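*Asks:* Predicted model and sequence follow; I will ask about them next.
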Amino acid sequence: MSRKKLNLLKAPFYGKMNQIDIGIALFHLWLSGNHQGKVVSYSFDKDAAPNGYEFMAKAKISMN
């Protein structure tokens with residue numbers, strides 16, 4: 001999961017809220033996987049992201 005890099009005007013206003021939104025999305029992914037009997041694990045080690053975006057987390061979904 002990655003997020004679009006914010007410019008200098010938006011960063012002070014939206015930066016922290018954007019991270020909270022991503023956390024909520026990751027929790028929903030975990031909850032959905034758990035409901036379906038899958039194991040969802042996350043890695044926050046830096047990884048590649050598309051140009052103009054910054055890496056946030058990598059999710060691995062496996063069968064239980």
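*Replies:* That came through fine. Numbering: from 1, shown residues only.

*Asks:* what about the protein, any weak spots by pLDDT?
*Replies:* 13, 15-16, 64 (pLDDT under 70).

*Asks:* So which residues of it form strands?
*Replies:* Using DSSP state E, the strands found in the chain span residues 2-4, 38-43, 53-55, 58-63.

*Asks:* distance of Leu26 from Leu9?
*Replies:* Separation of Leu26 from Leu9 (Cβ to Cβ, to the nearest Å): 27 Å. Just so you know, the C-beta spots here come from the backbone N, C-alpha and C atoms, and that holds for glycine as well.

*Asks:* Show me which of those two is the more surrounded one.
*Replies:* Leu26 (16 against 8; other Cβ atoms under 10 Å).

*Asks:* nearest residue to that one other than its sequence neighbours?
*Replies:* Of all residues not flanking Leu26 in the chain, Ala57 sits nearest, at 6.2 Å (Cβ to Cβ, 6 or more residues apart in numbering).

*Asks:* residues contacting that neighbour?
*Replies:* Met1, Ile22, Leu26, Tyr42, Ser43, Phe44 (Cβ atoms under 8 Å, 6 or more residues apart in numbering).
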